[in-house]
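Peer 1: Could you work out the structure for the sequence below:
(chains A, B and C)
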Amino acid sequence: MKSVAVSPEIQQEVYAKTTFGFWVYIMTDCILFATLFATFAVLHGNTFGGPGGKELFSLPFVLAETLILLTSSFTCGLALLAMHRAAKQQVMFWLLVTFVLGALFLALELHEFTNLVHEGNSWRRSAFLSSFFTLVGTHGLHITAGLLWIAVLGVRLVRRGFSAATVRGLTLFSLFWHFLDVVWIFIFTIVYLLGAVSI
Amino acid sequence: MHLFLPTLVAHISPDHGLFIFGAELTIIGGGVILVALITYLKRWKWLWKEWLTSLDPKRIGVMYIVLALVMLLRGGFDALMMRAQQATSVGASHGILSSDQFQQVFTAHGTIMIFFVAMGLLFGLFNLVIPLLIGSRDVAFPFMNSTSFWLYAGGAALINLSLLVGHQFAATGWLAYPPLSELQYSPGVGVDYWIWSLQIAGVGSLLSGINFLVTIIKMRAPGMKLMQMPLFVWSAIGSIVLIIFAFPILTATLSMLALDRTLGMHFFTSAFGGNPMMYVNLIWAWGHPEVYILVLPAFGVFSEVVATFSSKRLFGYASMVWAIAGITFLSFVVWLHHFFTMGAGANVNAFFGVMTMVIAVPTGVKVFNWLFTMYRGRVRFTTPMLWFLGFVVTFTLGGVTGVLMAVPAIDFQVHNSLFLVAHFHTMIIGGAVFGFFAGLTYWFPKIFGFTLNERLGRAAFWCWFTGFLLAFVPLYVLGMMGATRRLDHYDASLGWRGLFVVAGIGVLVIGLGVCFQVLQLVVSIAQRHKHLDTSGDPWDGRTLEWSTTSPAPVYNFAVIPEVHGRDAFWETKRHKPELSAESTPHYTDIVVPKNTALGMYIAGAACLFGFAVIWHVWWLAAIGLLGVIVLLLVRLTTDATEYVIPAAEVARIEAAGRERRLA
Amino acid sequence: MSERAPHQQPALQVREAARGSLTTYVTGFSLSLVLTLIAYMAVSRQLLSKDILVGTIIILAVAQLVVQMVFFLHLGSESKPRWNITAFLFMLMVLSILVFGSLWIMHNLNYHMHGAPGMQTDQYIMQDEGVHL
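Peer 2: Take a look at the predicted model:
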C-alpha cells in the first residue's frame, strides 16, 4: 500500500512537530529521573546497618563505564553527521559502533549488579540499595530500549534508505542517546563520586 | 499464579458481602446488556468504524466523555453508599457497610472521580474543541491520541476488574499512603490493581499532554499569535504544562511503591531504612499540580461562556493570561500544605503556607474579570451561564476556606476533618465539574448538530446546585465540630447525625440532577430534528469553532482560516457578511488519518502486562510487554496511514452545509 | 552505488546550525572527557578537602551538562521562537523545586521527628535551637 504523496513543506512541518514533541517527552523523562534522584538523595544514608556506597563501588570500574558511554554518545553524533551527508555505509558503521559500546556498557553494569546480588547486597537489603538499583537500573532499561532502537533503525536503513521517516527516526534516536549520557553524568557524580566521598 | 486460583475459588463464596457482589453484578450485567443491545441493533460495524478505530479527535473526545460519565455514575454510587453509611452508622448500629467495605468504598470513590471522571472529561473537552479553536484540522499526533484514549479506557477497565477478578478494592484512601499500602498491611491485590490502572492511565495522560502542547504551539492557524488565542486554549496550556511536568512524578512514585510490593524493595516500608514520608512528599508534589490540572480547563470554559453569553469581549485578556501563568508556576511550590501536620517545622510550614495564600490571588483576578465581562453586557442566562453563576458562589466560598487552611496553625485544627473534605469537594464540584458541564452544554451542538433541551438543563443545574449546598455545607459545620474524615461510625451523643442526614439528602438531590441530565440527553436526542443547529453558530459565538457547520466535518475547516486578532470569528462576522452563493472558496484535497485499531491493541497489551504483574504471572507479563513493543513497531512500519478527501468531495460537503445554513 | 548520488540524498534537509558539525562533536567529546577525568581524579586521589571536593565535582557535572547540551544536543541553536530552550529551562525549574524542595522538607521532617538517641525529640530540638524556658 503506498502512502499519500507528501510535499517537502509538509515533510518539514512533520519533522518540526515530531522533533519538538520528542524533546518535550525527553523533558518529562528528566522529571522522572529527577524523582528517582531526589529519592536516592533522601534515602542514600539509610543503609540499615549494611554497606554504603563507599564500601560497595569500584571507581575505576565506573570510570570505564562512563568513558564507554561518553564515547558512544560521540559516535552517535558521527552517525548523524554521516546521515546529513547521506553516507549510508558510514551511518551503519557508526550506529554499529554505538551499539557495541552501549552493549558493553550494559554488560559491565549487569556485571556490577550481579556481583552485588551475589554478595547479599541486593535491592532488598536496605532503602539505600533499593534506590541505587532503581535509579541506575532505570537508566539501564533506557539504554536497553536504545539498543533495540538502533537495531530497528539499522533494519530500516537497509530496507528503505533515507526515507523521511528514517531521517526523523535517526534524529530522535540521537536526542535520546545523548540525553541518556547527560543523565549518566549525574549518576556518575551523585551516586558514585559522592558515594566515594561518603556524603 | 499461586494467588490467582485460590482467589478465583473464593469468588464463589458469598462471604465477601452484598455490596461487592452487587457491584460485580452491575458491571457484568451492564456489560452484557450493552453487548446485547449493540448486537440487536446490528451496530458493531458502525461502532468499530465510526468510533472505536477513529482517529478524529472529535470522535475520541466523545468517547472520553461517555466513559467519564459512566465512571461518574460509579463514583456517585460510592458517594451514596458513604452518605447512607454515615447517616445510619450511629451508636448501636454499624450502618450498612463493614469498616473494611467502607474503606474500599471511599478509596474507590476518590480514585475513580479524580482519575477517571475528571481527567476523562478534561481530555474529552481538549479533543473536542482545541483543534477547532486554533483553526487546525487535527492534533499533532493523531495515532498517539487514539492510543492515549485507549490507555485511559484500559486503566478504567483494570480498576473495575479489581472487584471482578480479585474481589476487593484497595482500602487505603485514594492516594494509598504507605506503610498501609505496603505488602505487610495490604497483602491482597487491591493496591496492585490501583497502582497499575493508574500507571497505565497516567502514561495515556502524559502522552496526551505532549500531543496537545505540540498541537497548540505548532498547528495554530496562520496569523494566530499566542496573545490572540481563545482563553480556553491558554487555560489548556496551563493545564497541559502541569500534566507534562507533574505526571512523571506520579509514574516514578507509583513505580517505587510497586517495586516495594513486587520486588521486595524498601523505599517506603517502615523497616529496612524506608521512609513513608517520602511517598507522602512525592505523591503530593504530583497531587497538587493535579488539582490545578483539573480546574484550569474549567476556568477556560467559563472565559468562553461568559464572553459569548454577555455578547461582550472578555475583560482583561492579558491579565487572564498572566493569571494562568501565575497559577501554573505557583502550583509547583505549594504541595506541602497537604501535610502541614506531619512533622515539618515552622519555617517549612510558613513558606508553603504563604505560597498557598498567594495562589489565591490570580484566581481572584480571574473571577473579577469574568464578572467585569458581564457588567454592561447583554447577558443571556442560558444553562452554561447558570453553571458559571453557580461556580462563582460555590467556588468563591470554598476558595476562601482554602485560604483559611493555608494558615498552618488553623490547618492543625481542621486537617483531615470534614471541613477539609467539604473544601476540596467545593473546589472540584463547584469548579471543575460545573465548568465541564457548562462546556459540554456549550459545545454540544458543534459536535452533534443539535442543541440540548434548555428546561431540563436548568432543572439539572438547580438540583446540582441546591444538592451540592445541602450535601456539603453540613460537612463544613461537622468539620468545625470535630468530625474527622473517613469515619464509618460515631457516637450518638455527639449530635452529628442530623447533619449527616441532611448531607445524605443533598446527595439524593444531586442524584436527581443526574437523572435530569440523563433525561435531557434522551429528550434532546428524541427531539433533535426540532433543535437542529443549521447555522453552525447557535450562540452568536466569537471564536473559530463557530465558523464551521454543526456537526463539524471530519477535517474541521475546508479552508484553513487566516486570523488577524482575538475573537477571530466575531471580527469576520462583523466585517464580512454572508458569503454570496457566487463566491465559493478554492478547495484543495485534504489528507486525513485512516482508522486503525492498533491504539486499542497497544492499550490491551499494556493492560495484559498490568494484570499479569498484579497476579505475579511473569510469563504473561512478558507477553504483554512484548506485545506493546511489537505493536508499536508494526505502527512505525505502516506506510499507508492516511487517505485523501478530494477537493470535489470537500466542495460538496461545504455546499451542503451552506444550503442548510441558508434554509 | 555511490554514497553521494543525488537520489541517495535524505528526503529531508535539516538546518545547518541545528545539526552540528565534526568540530562541535569533537569539541564536546574532548571537553566532556576532560571534565570527567578531572572529577574522577579529584575523588580517587583525594586532592581536596571534603566540602570543597563536593562543590567541585558538582560544578564539574553542571559544566559537563552545559557542554553536552550545547555541543551534542545543539541547545540554543534553533531560530526563534526558541521553544526547546523554553521547555528545557522550565524543566530545570521544576526539577530544582522537586529535588531541593524534597531535600529541604525531608531533612526538616527528620530533624523534627527523630531527635537524638537517649533524648526526647522536643528536648533535643530545644537544646539544638537554644530555647530555654
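Peer 1: Please make it C-alpha for all contacts and neighbour counts, starting now.
Peer 2: Fine.
Peer 1: State the phi and psi torsions of the closest residue to residue C:50 other than its chain neighbours.
Peer 2: The shortest distance from residue C:50 to any non-neighbouring residue, by CA to CA, 6 or more residues apart in numbering or on different chains, is to residue A:197 (7.0 Å). Here is the backbone geometry of residue A:197 (degrees, to the nearest 10): phi -80, psi -10.
Peer 1: if I read this right, residue A:197 contacts residue A:54, doesn't it?
Peer 2: Yes. Contact criterion CA atoms under 8 Å: residue A:197 and residue A:54 qualify, at 7.2 Å.
Peer 1: if I pick residue B:117, what's in contact with it?
Peer 2: Listed by CA atoms under 8 Å, 6 or more residues apart in numbering or on different chains, the contact set of residue B:117 reads B:67, B:68, B:69, B:71, B:72.
Peer 1: again, but for residue B:244
Peer 2: Contacts for residue B:244 were tallied using CA under 8 Å, 6+ apart; they are A:28, B:206, B:209, B:210.
Peer 1: ok, which pair from those residues is furthest apart?
Peer 2: A:28 and B:209 (10.5 Å; CA to CA).
Peer 1: Look at the two and report which has more neighbours.
Peer 2: Neighbour comparison, residue A:28 and residue B:209: the larger count goes to residue B:209, with 28 against 23 (by other CA atoms under 10 Å in any protein chain shown).
Peer 1: wait, the more buried one sits on residue B:237?
Peer 2: No. Residue B:209 is beyond contact range of residue B:237, at 9.1 Å (criterion: CA under 8 Å).
Peer 1: Below-threshold pLDDT in the chain: ranges please.
Peer 2: Reading this off chain A. A:1-3, A:199 (pLDDT under 70).
Peer 1: You answered for a different chain; I wanted chain C.
Peer 2: C:1-19, C:115-116.
Peer 1: dump the residue contacts of whatever residue of the stretch 251-400 of chain B ends up closest to chain C.
Peer 2: Proximity of the stretch 251-400 of chain B to chain C (CA to the nearest CA) peaks at residue B:344, 4.8 Å away. Contact analysis of residue B:344 by CA under 8 Å, 6+ apart lists C:105, C:108, C:109, C:112.
Peer 1: Return the list of helices and strands in contact with the strand or helix carrying residue B:386.
Peer 2: In the assignment (DSSP states H and E), residue B:386 maps to helix B:383-405. Packed against helix B:383-405 by the contact rule (3 or more CA pairs under 8 Å, 6 or more residues apart in numbering or on different chains; DSSP states H and E) you find helix B:276-309, helix B:346-374, helix B:408-414, helix B:418-425, helix B:434-448, helix B:454-480.
Peer 1: Number of residues surrounding the closest residue to residue B:450 other than its chain neighbours?
Peer 2: Once flanking residues are discounted, residue B:450 sits nearest to residue B:532: 4.2 Å by CA to CA, 6+ apart. If you count neighbours by other CA under 10 Å, residue B:532 ends up with 19.
Peer 1: what are the phi and psi angles of residue B:532?
Peer 2: Dihedral angles of residue B:532 (phi, psi; degrees, to the nearest 10) stand at phi -70, psi 140.
Peer 1: which ones are touching the residue nearest to residue C:50?
Peer 2: Applying CA under 8 Å, 6+ apart, the residues near residue A:197 are A:54, C:43, C:50, C:54.
Peer 1: Of these, which count as buried by neighbour count?
Peer 2: Buried subset of those (neighbour count, 16 or more other CA atoms under 10 Å in any protein chain shown): A:54, C:43, C:54.
Peer 1: so what pLDDT did residue B:624 get?
Peer 2: As predicted, residue B:624 sits at a pLDDT of 98.
Peer 1: any idea how far it is from chain C?
Peer 2: According to CA to the nearest CA, to the nearest Å, residue B:624 and chain C sit 32 Å apart.
Peer 1: Distance from the helix or strand containing residue B:203 to the middle of the chain?
Peer 2: Using DSSP H and E, the element containing residue B:203 is helix B:190-218. Its chain's C-alpha centre and that of helix B:190-218 lie 12 Å apart, by CA atoms, centre = their mean, to the nearest Å.
Peer 1: same for it, what does it pack against?
Peer 2: Other helices and strands packing on helix B:190-218, by 3+ CA pairs under 8 Å, 6+ apart, are helix A:8-43, helix B:119-133, helix B:142-164, helix B:231-263, helix B:598-614.
Peer 1: Adding distance to residue B:487, write the ones you listed out as TSV.
Peer 2: What follows is the helices and strands packed on helix B:190-218, written out as TSV (distance: least, CA to CA, whole Å):
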stretch	distance to residue B:487
helix A:8-43	33
helix B:119-133	27
helix B:142-164	23
helix B:231-263	26
helix B:598-614	29
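Peer 1: and residue B:625, which of these is closest to it?
Peer 2: Closest approach to residue B:625 among those (CA to CA): helix B:598-614, 5.9 Å.
Peer 1: and the angle for that closest one with helix B:190-218?
Peer 2: Here the directions of helix B:598-614 and helix B:190-218 differ by 150 degrees (axes from the mean of the first three to the mean of the last three CA atoms, to 10 degrees).
Peer 1: from the chain's centre, how far out does helix B:598-614 sit?
Peer 2: Here helix B:598-614 shows a centroid-to-chain-centroid distance of 22 Å under the convention CA atoms, centre = their mean.
Peer 1: Would you confirm that residue B:221 belongs to a strand?
Peer 2: No. Read with DSSP: H, G, I helix; E, B strand; the rest coil, residue B:221 is coil and lies in no strand.
Peer 1: Tally up the residues packed near the nearest residue to it once chain neighbours are set aside, please.
Peer 2: Distances taken as CA to CA, 6+ apart put residue B:135 closest to residue B:221, at 4.8 Å, once the chain neighbours are dropped. Neighbourhood size, residue B:135 [other CA under 10 Å]: 26.
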